[in-house]
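Asks: Turn this into a model:
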Amino acid sequence: MATNQKMNGVYELNGKIPITVAIPFGLQHILAMFVSNVTPIILVCAVAKVNGNLMSGHMTSVLIQNCMFIAGVASLIQIAGVWRIGSRLPIIMGISFTFLAAMTAAAEKDYNIAMGAVIVGGCIEGTLGLVYKQWKNIVPPIVSACVVCGIGLSLFTVGANSFGGGGTYLSDFGSAPYWIVGTVTLVTCLIWTFMWKGPVRALSALAGLVVGYLVSIPFGLVDFSHVMDRGVVSIPQPFPTGMPQFELGAIISMTVIFLVSATETIGDSAALCNGGLNRDITVDETSGSLACDGYASAIAGIFGCSPITSFSQNVGLCAMTKVVNRIAVGTGAVILIIAGFFPPLAGFFQTIPQPVLGGCTMMMFGQILVSGMQMISRCGFTERNMIIASLSLVIGGGFTTSKEIFQFMPKIINDIFASNVVAVVFIVAVVLNLLLPKTDNEGNPIL
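Replies: Take a look at the predicted model:
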């Protein structure tokens, strides 16, 4: 009886659970986001310059380690809260793909220019988060619901690309080994879900990762050769590439992306409350979430990292498993911090093959879309809401699929919107919400 009570605590936001229960659930969250957390910085470092020279492989390794450390620190701030910073919700933070284009453009000039823009842009978003009450009406529930749906749509290709091996740029993308490993992982998650009852079934993603990882070894998809490259212990260092440089153009571009990223954070936070806690998010929780998003990104810039944001993978995991315990998810954040001090542990996590991640995240990504649909339902299927939802989603999904439609737009517009479903969905939903007349439940205009 006592054991069941301890296990049931994982379904409570502030439930008391022992560390032996917290570790596996926290580890599941970290495994779900680990590779995605370091991938953006790897892509940026591939083209980044420092003092006129291409970034070295050693420096790339240092930045990867820092990214894990900062993701853990930011997650703890988000979960535990510091003053008005942090939502105190079980949200895992990580390096955002949303900033990839802006980061790459700045880093090609000099990586320290990108870091200066990240620090300034992060402080701006964090400050806007603290005064969220003053501008929250711009993002009513129907707009947040559309953004959540947009997040779900944007992640479909991410899951599919991982399932097929990591991306269409691979010569063997979609080959038999990737299909086998991804399918075994997904099937394991499904079997585990229906085999077990109670809290144990919530470990389906972890079970899928373990089985998928073991199956991928005979196919040669696991590479242990670089696990010990940087020794056993290494302390994360601030300003690893030098002092930041502040260039106005880069700051403006990065700040615009921060505003777009803020909509994703609003959507992720709302989706977690709706799908994991079965309630609407509060104004204070949204304000704290945005403040953490911004100020944690500024800290990330100090440690040479790309901006931090909430991770949709983990929001989907909470919605799917209903495990919303802050101690459990906070334990995952501590694991991330430990990984930042012990490069071999980080190196081991990086060996998880992409099809394994793809197989266990497909269900999570779909759950986010369903959560958005549930939020739209709770807003009511009035004609006005249906127009906002349908137009924002079809334009967001359609225009970013046919991204050439932006090719004659200014470069900054093309960089921000051509591949960002969430940004387009948000802009269209906000504009429609401001322009369309308010109506009652029967569709009659409210004068």
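
Asks: Could I get the contacting residues of residue 302?
Replies: Residues in contact with residue 302 (C-beta atoms under 8 Å, 6 or more residues apart in numbering) are 115, 119, 238, 239, 244. No exception for glycine: its C-beta is placed from N, CA and C like everyone else's.

Asks: out of those, which one sits closest to residue 301?
Replies: Lowest distance from residue 301 to the contacts of residue 302 (C-beta to C-beta) belongs to residue 119, with 3.9 Å.

Asks: Name the secondary structure element that contains the closest one.
Replies: Applying DSSP states H and E as the criterion places residue 119 in helix 111-130.

Asks: next helix or strand past that helix?
Replies: helix 132-135.

Asks: could you point out which element follows that following helix?
Replies: Later in the chain than helix 132-135, the nearest helix or strand by DSSP H and E is helix 141-163.

Asks: Just the buried residues of that following helix, please?
Replies: 141-159, 161-163 (16 or more other C-beta atoms under 10 Å).

Asks: I'd like to know how far the closest residue to residue 87 other than its chain neighbours sits from residue 136.
Replies: Distance criterion C-beta to C-beta, 6 or more residues apart in numbering; nearest residue to residue 87, sequence neighbours excluded, is residue 289 at 3.8 Å. Residue 289 sits 12 Å away from residue 136, going by C-beta to C-beta, to the nearest Å.

Asks: and what of residue 410?
Replies: Counting by C-beta to C-beta, the gap from residue 410 to residue 136 is 30 Å.

Asks: do residue 113 as well
Replies: From residue 113 over to residue 136 (counting by C-beta to C-beta), the distance is 33 Å.

Asks: between the two, who's got more neighbours?
Replies: Taking neighbours as other C-beta atoms under 10 Å, residue 113 and residue 136 compare with residue 113 leading, 22 against 13.

Asks: Name all residues that make contact with that one.
Replies: By C-beta under 8 Å, 6+ apart, residue 113 lies in contact with 106, 107, 244, 245, 246, 247, 250.

Asks: Which of these scores worst on pLDDT?
Replies: Lowest pLDDT among these: residue 250, with 84.

Asks: Hey, what's the angle from the helix or strand containing that residue to helix 111-130? Just curious.
Replies: Counting by DSSP H and E, the element that carries residue 250 is helix 248-276. Relative orientation of helix 248-276 versus helix 111-130 (axes from the mean of the first three to the mean of the last three C-alpha atoms, to 10 degrees): 50 degrees.

Asks: How about the helix or strand just after helix 248-276, which residues are buried there?
Replies: With elements assigned by DSSP H and E, the helix or strand that comes after helix 248-276 is helix 283-302. By 16+ other C-beta under 10 Å, the buried positions in helix 283-302 come out as 285-302.

Asks: tell me the contacts of residue 400?
Replies: Residue 400 makes contact with 417, 418, 419, 420, 421, 424 under the criterion C-beta under 8 Å, 6+ apart.

Asks: I figured the fifth one was touching residue 395, is that so?
Replies: To tie it back to what came earlier, the one meant is residue 421. No: with contact defined as C-beta atoms under 8 Å, residue 421 does not count as touching residue 395 (9.8 Å).

Asks: Counting neighbours around each, name which of those two comes out higher.
Replies: residue 421 (26 against 17).

Asks: just checking, residue 150 touches residue 395?
Replies: No: between residue 150 and residue 395 there is no contact under C-beta under 8 Å: 10.3 Å.

Asks: so what's in contact with the two at the same time?
Replies: By the contact definition C-beta under 8 Å, 6+ apart, residue 150 and residue 395 are jointly contacted by 424, 425.

Asks: Check residue 446 and give its pLDDT.
Replies: 63.

Asks: let me redo that: residue 301
Replies: 96.

Asks: centroid residue for the protein?
Replies: Nearest to the mean C-alpha position of the chain, by C-alpha atoms, centre = their mean, lies residue 311 at 2.1 Å.

Asks: That one and residue 207, how far apart?
Replies: Distance from residue 311 to residue 207, by C-beta to C-beta: 20 Å.

Asks: next one: residue 39
Replies: Going from residue 39 to residue 207 by C-beta to C-beta gives 24 Å.

Asks: Next one: residue 398 relative to residue 425, how far apart?
Replies: 11 Å.

Asks: Hmm, I typed the wrong one, I wanted residue 372.
Replies: Residue 372 sits 10 Å away from residue 425, taking C-beta to C-beta as the criterion.

Asks: which one of the two has more residues nearby?
Replies: Higher neighbour count among residue 372 and residue 425: residue 425, with 32 against 28, using other C-beta under 10 Å.

Asks: mind listing what residue 293 touches?
Replies: Going by C-beta under 8 Å, 6+ apart, residue 293 touches 93, 125, 126, 129, 261, 262, 265, 308, 309, 310.

Asks: pLDDT score for residue 346?
Replies: Residue 346 is assigned 68 on the pLDDT scale.

Asks: correction: residue 78
Replies: 95.

Asks: how deep is it tucked in, by neighbour count?
Replies: 32.

Asks: swap in the one 3 residues further on?
Replies: By other C-beta under 10 Å, 18 other residues sit near residue 81.

Asks: Pop out the phi and psi values for the closest residue to it other than its chain neighbours.
Replies: Leaving aside its sequence neighbours, residue 81 sits nearest to residue 88 (C-beta to C-beta, 6+ apart; 4.4 Å). Phi and psi for residue 88, reported as degrees, to the nearest 10, are phi 60, psi 30.

Asks: And residue 140, by the same measure?
Replies: Residue torsions, per degrees, to the nearest 10, at residue 140 are phi -70, psi 170.

Asks: show me what contacts it?
Replies: residue 433.

Asks: if I look at it, how far off is residue 402?
Replies: For residue 140 relative to residue 402 (C-beta to C-beta), the value is 29 Å.

Asks: Next: residue 106.
Replies: With C-beta to C-beta as the criterion, residue 106 and residue 402 are 28 Å apart.

Asks: Settle it for me: which of the two has more neighbours?
Replies: Neighbour tally, residue 106 and residue 402, criterion other C-beta under 10 Å: the higher count belongs to residue 106, 27 against 10.

Asks: on that earlier part again, quick check: the residue nearest to the centre of the chain touching residue 90?
Replies: No: between residue 311 and residue 90 there is no contact under C-beta under 8 Å: 11.4 Å.

Asks: Would you map the helices across the stretch 1-150 of the chain?
Replies: Remark: helices assigned in the stretch 1-150 of the chain by DSSP state H, counting those that start in this stretch are 2-8, 19-45, 57-80, 100-109, 111-130, 132-135, 141-163.

Asks: Make CSV out of these and add distance to residue 377.
Replies: CSV is the format used below for the helices of the stretch 1-150 of the chain (distance: least, C-beta to C-beta, whole Å):
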stretch, distance to residue 377
helix 2-8, 28
helix 19-45, 27
helix 57-80, 28
helix 100-109, 33
helix 111-130, 28
helix 132-135, 25
helix 141-163, 9
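
Asks: Thanks a lot, see you next time.
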